[in-house]
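> Need a 3D model of the following:
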Amino acid sequence: MYKRLAKQTIIYSIGSILPRIINYSFLKFFTISLKREEFSLYTDMYALSFFVIGFLSFGLENTYFRFLYKKNSHRETVFSTGFIIQLLITSFFLIISVNLIKHIIYFTGYQNHPEYFFMFFLIIFFDTICILPMAWFRANEKPLEFTIINVINIFVQSFITIYLFFCSNNFFFRKTYFFSIFEWINSFTDKTGYIFFANTISSLTNLLLVLPIILKKVIIKKFDKNLAKKMLGYGIPIMLGTIAFSINENLDKILIKRWGSDEINGSYSACYKIAAFMTLYIRMFRLGIEPFFFKKSEDADAEYYYEEINYIFILLGLIFYVLICGNIPIFMNFFLDKKYHFAMSIIPVIMMGNLFLGIYTNLSIFYKVVDKPIVGTYISLVGVFITFLFNIIFILIPNSSFMIPAWGTLTSYGCMLVILSIWIGKKFFKFFKKKRNIITHFLFAIFLVFVINNKFSINDKKEMILRFFFQLLYFIIIFLLEKKRLINLIKQ
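Residues are numbered from 1 along each chain as shown. Here you go, the predicted structure:
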């Protein structure tokens, strides 16, 4: 069972993680090519867009999986109903947003760059429409098609980005046809806008690639009004939880830009991206595991598999945490220009917060399979309150540290995880019977990262060797402690 699951997860990972890895390869290029205030604009636009995507998604991806695996469900009816709902919502958004663009750019402070919002309206429109068709590939166990589409999209985006930045700095192309395309793009936007334009074309490409699935599988006659009401009733609480997650993840960057400065926000956002390596691991794990969780929800051995898989998730997540946070200076030099380094202290804090979020996301399957997504909404609202509290402190205290929002992220996700764990224990069973083992693993990893980053410099060869020695020792100890479980994972 594990081997088949691992194979699918690996293939899905290539399609989902490779694009993000390629984006990370551009990070050093962007931090060199863009000023910190320009990089702040770049991250701010994506932060704002995540709020909108969270709303427009209406939780329909999770809803699709849930209703697909219910007894007596009709696959074509579920997919057609879900997609038509998504299309109507997204089309309504596009019409309204284009007509209100003057008010939107004034409210957000982008009067000099209305083209940013035109491009993002299209990006959001295309990406949201593609959510369910991409979920269809996962539900029908077509990881190869899923991967090919994602890889094509990222290569299209990468090519256009390189082309635009290269043309802006190279006069060799001035007499060629290709330069006329660049001049047209350059006539309505700037360097930061080049990134958004490339994303727009990539999102359009994604829509064109999934169009055959839409045309073949979406049947208007299969639209079921009663099912649509049930799907919306199930999806809206998930949507509220997604918006809450967007607030937890992006409010700090939005406020630091407006109450701090673009320079601070540029560095904070760049270092935040290094910390977001943990989300790559979480994303990889979730793509392969989530459909499996829904399938196993009514099996007699579901409890055993849930506990085993989540224990392994935590174990591998902590190993990943030590690997990244134990070598922060190396990753910083590789991915970011030096002018962005002063916010690197947020990385261990944000990474641990992201791991808490990953565990929470895995455990959230419990309220989803019993059709109580409202539980997640309530818990997410608690997280939002904590995030607001820390960010208000940041705003009210003059010359306050950007570490305050970072600790807010960690505290928010930590509290959400604790509350959900208590709820699961009361409603289902005492999940994670080996709590002491898990707590010990966490304390060991955190202590090791603290010692490595505070005691050993990367400028001294002996201390660098000690850094790697302690990390190697950690990996050996973990393997010896969890030898049986890890060997069993490989065998199954």
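
> Every contact and neighbour count from this point should use C-alpha atoms.
OK.

> now for the helix or strand Gln157 falls within, which elements pack on it?
Using DSSP states H and E, Gln157 sits within helix 143-169. Helices and strands touching helix 143-169, as assessed by 3 or more Cα pairs under 8 Å, 6 or more residues apart in numbering; DSSP states H and E, comprise helix 2-33, helix 131-139, helix 177-186, helix 191-217.

> 6 Å instead, please
Judged by 3 or more Cα pairs under 6 Å, 6 or more residues apart in numbering; DSSP states H and E, the packing partners of helix 143-169 are helix 2-33, helix 191-217.

> Can you list phi and psi of the spatially most central residue of the chain for me?
Among the residues of the chain, the one closest to the centroid is Thr279, at 5.6 Å (Cα atoms, centre = their mean). The phi/psi pair for Thr279 (degrees, to the nearest 10) reads phi -70, psi -30.

> Could I get the pLDDT score of it?
pLDDT, Thr279: 85.

> ok, for it, nearest residue in space, not its chain neighbours?
Using Cα to Cα, 6 or more residues apart in numbering and skipping the chain neighbours, the partner closest in space to Thr279 is Asn354 (6.5 Å).

> What's the local residue count around the one you found?
Asn354 has 24 neighbours, counted by other Cα atoms under 10 Å.

> Just the mean pLDDT for the helix or strand hosting it, thanks.
Element membership of Asn354 [criterion: DSSP H and E] is helix 347-363. Throughout helix 347-363, pLDDT has a mean value of 91.

> what's next to the helix or strand just after it, contact-wise?
The helix or strand immediately downstream of helix 347-363 is helix 365-369, counting by DSSP H and E. Contacts to helix 365-369, defined as Cα atoms under 6 Å, 6 or more residues apart in numbering, come from residues Pro373.

> List the buried residues of helix 365-369.
Within helix 365-369, the residues that count as buried by 16 or more other Cα atoms under 10 Å are 365-369.

> Now find how far off-centre it is within its chain.
20 Å (Cα atoms, centre = their mean, to the nearest Å).

> Stretch 148-168 too?
Remark: stretch 148-168 is offset 20 Å from the chain centroid, using Cα atoms, centre = their mean.

> Would you mind listing the outside residues contacting that stretch?
By Cα under 6 Å, 6+ apart, the surrounding residues in contact with stretch 148-168 are 15, 19, 198-199, 202.

> same deal with stretch 403-421?
252, 353, 356-357, 360, 379, 383, 386-387, 390-391.

> same thing with stretch 50-61?
235-236, 238-239, 242-243, 246.

> out of the residues you listed, which one sits closest to Ser40?
Ser246 (17.5 Å; Cα to Cα).

> which stretch of helix or strand covers that closest one?
Judged by DSSP H and E, Ser246 forms part of helix 225-255.

> same question, Ser73
Under DSSP H and E, no helix or strand contains Ser73.

> quick thing: my sequence starts at 599, can you match it?
Let's use 599 as the start, then, which means that last one is Ser671.

> what's the neighbour count on it?
Counted with other Cα under 10 Å, Ser671 comes out at 11.
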